[in-house]
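Engineer: sequence first, predicted coordinates after that:
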Amino acid sequence: MWQQTNNDVISEHAFEEFLVLDLISKNSTNYVYIVCYQKTLFEATVPLISLRTFGRNGLQFGTVLNGNFSADSLSRKIRVSSVRRIYMLTKAQNNKWTQLKLEFDDRLKKHVIACSALTSGCFTYQEREYRTPAVFNDVLGIVVDSEDEPHLPRRQIGRLLCTVTAIKCSSEGIWKLRIETIKKFDAVLSLAMEANVRETEHFGLVTREECEEKRDLRLVSCRDFPRDVRIFRR
């Protein structure tokens, strides 16, 4: 549940959850983490005293925190006022977090999140234009491809299983989720579509979340998605 304040961009949230992805900084009173909340990455400030109530001196990658907090949608910052429950992603039951898996990446020497996603080409989402190919996950939201070592197929569309991490984009100064590896790719076969794609184009696959998995699919074959193609949210 949430209640809007006088400031249009700040809202108060009670007994809601976010996923901890990485530690940014800490001091004697607060820890700051990069977290995923409502398909968006935020910098969350968590008072150390609220964690010690649960016998903790910090939060691990893949921890789900349930509590009361304020969220600033403009600056993408969260400030936690109280913590109700803390549990690991591996202990999630009967909620959306069960769609995600916690894995250790031997190459990166750290934990990553494994998830399924739809290839989505380039598109406009929440008034932001994405100029590089990306995928969409129902829990995490947009996951961009690596610019240095792209993983996404350019001439095919479909559903994939991938691992992702949070990275800070130096040019934009914002946090993004990025594909680290693609473990499996189930392509939607269409030789005619593959033959027609240009070097500057990417295929995309868009589905409405509130519909069944195989219903209401739209295939898009443009480099930049038109503004009227929307990713629907619950």
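Structural biologist: Received it, and whenever you're ready, just let me know what you need.
Engineer: domain map for the protein?
Structural biologist: Domain segmentation of the chain under automatic domain parsing yields 2-91, 100-220.
Engineer: okay, the ones you listed in a markdown table with mean pLDDT and mean neighbour count next?
Structural biologist: Using the backbone N, CA and C atoms, a C-beta is placed for each residue, glycine as well. Listed next are the domains of the chain as a markdown table, based on pLDDT from 0 to 100; neighbours: other C-beta atoms under 10 Å:
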| stretch | mean pLDDT | mean neighbour count |
| --- | --- | --- |
| domain 2-91 | 90 | 16 |
| domain 100-220 | 74 | 16 |
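Engineer: which residues touch residue 93?
Structural biologist: Shown in contact with residue 93 (C-beta atoms under 8 Å, 6 or more residues apart in numbering): no residues.
Engineer: need phi/psi at it.
Structural biologist: Dihedral pair for residue 93: phi -140, psi 130, per degrees, to the nearest 10.
Engineer: use 24 as the first number from now on
Structural biologist: Noted, 24 is the first residue going forward, which turns the last one into residue 116.
Engineer: that one and residue 110, how far apart?
Structural biologist: Distance, residue 116 to residue 110, by C-beta to C-beta, to the nearest Å: 9 Å.
Engineer: which other residues reach the regular element (helix or strand) spanning residue 188?
Structural biologist: Per DSSP states H and E: residue 188 is located in strand 181-192. Strand 181-192 is contacted from outside by 44-45, 57, 59, 64, 126, 128, 131, 133, 135-142, 158, 163, 166, 174-175, 197-211, 228, using C-beta under 8 Å, 6+ apart.
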